[in-house]
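Novice: Next comes the sequence, and after it the predicted model I'd like to discuss.
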Amino acid sequence: MVTAVQVRTAHDLAELGLSEPDYEVLSTLSEREDGTSTLHEQAAKMGWSRSRLSRHASRMEARELIRRAPDPADGRGCLLVLTSTGWDTLRDAAPSHVASVRRHFVDRLAPDELAALGRIARKLSADR
């Protein structure tokens, strides 16, 4: 189920010029008031290794979606900062992404099925 939905929504994101990981980085950074997170915190939030996120961040930085900045609290770390291009890209992509998730997932389920999934999700995430 997860794979089927991810493949379809990833295809829709690709039409917007974004990969699923691009969108995840942009959207999770946007949850921070200033659009900034340490590489370490961002990797943990996304469930990625720091090296995976660092490599992906380099590709996003080349497209000017994010930039890196020194972390004043950790001389060895860095901050990931959402750029104005990144904010604009996310703002443009978000409505299409929400519509894609609805089309490929939410709208295909009855209200009782969505409620059951919510209960299951809460139970499974309670261990975290």
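Specialist: Ah, there it is. Every value quoted in this text rests on a predicted model; they were computed, and no experiment measured them.
Novice: what are the ranges of the strands in this protein?
Specialist: 36-38, 66-71, 74-82 (DSSP state E).
Novice: Would you reformat those as CSV and include distance to Tyr23 and mean pLDDT?
Specialist: Glycine gets a C-beta too; all of them are placed from N, C-alpha and C. Listed next are the strands of the chain as CSV, based on distance: least, CB to CB, whole Å; pLDDT from 0 to 100:
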stretch, distance to Tyr23, mean pLDDT
strand 36-38, 16, 94
strand 66-71, 12, 94
strand 74-82, 12, 90
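Novice: what about this structure, any weak spots by pLDDT?
Specialist: Along the chain, segments meeting pLDDT under 70 span 127-128.
Novice: State the distance from Asp92 to Leu13.
Specialist: Distance of Asp92 to Leu13, computed by CB to CB, to the nearest Å: 12 Å.
Novice: Tell me which of the two has more neighbours.
Specialist: For Asp92 versus Leu13, neighbours defined as other CB atoms under 10 Å are more numerous around Leu13 (20 against 12).
Novice: For the more buried one, which residues are in contact?
Specialist: Shown in contact with Leu13 (CB atoms under 8 Å, 6 or more residues apart in numbering): 19-20, 22-23, 93, 96-97, 100.
Novice: repeat that with 7 Å
Specialist: Neighbouring residues of Leu13 by CB atoms under 7 Å, 6 or more residues apart in numbering: 19-20, 23, 93, 97.
Novice: who wins for neighbours among these?
Specialist: Within the contacts of Leu13, most neighbours by other CB under 10 Å means Ala93, with 21 neighbours.
Novice: Name the nearest residue to that residue, ignoring sequence neighbours.
Specialist: Leu16 (4.9 Å; CB to CB, 6 or more residues apart in numbering).
Novice: got the contact list for the residue nearest the centre of the chain?
Specialist: Geometric centre of the chain, nearest residue: Glu24, 1.2 Å, by CA atoms, centre = their mean. Shown in contact with Glu24 (CB under 7 Å, 6+ apart): Met46.
Novice: about what we covered before: out of the contacts of Leu13, who's nearest Ala110?
Specialist: Lowest distance from Ala110 to these (CB to CB) belongs to His97, with 23.0 Å.
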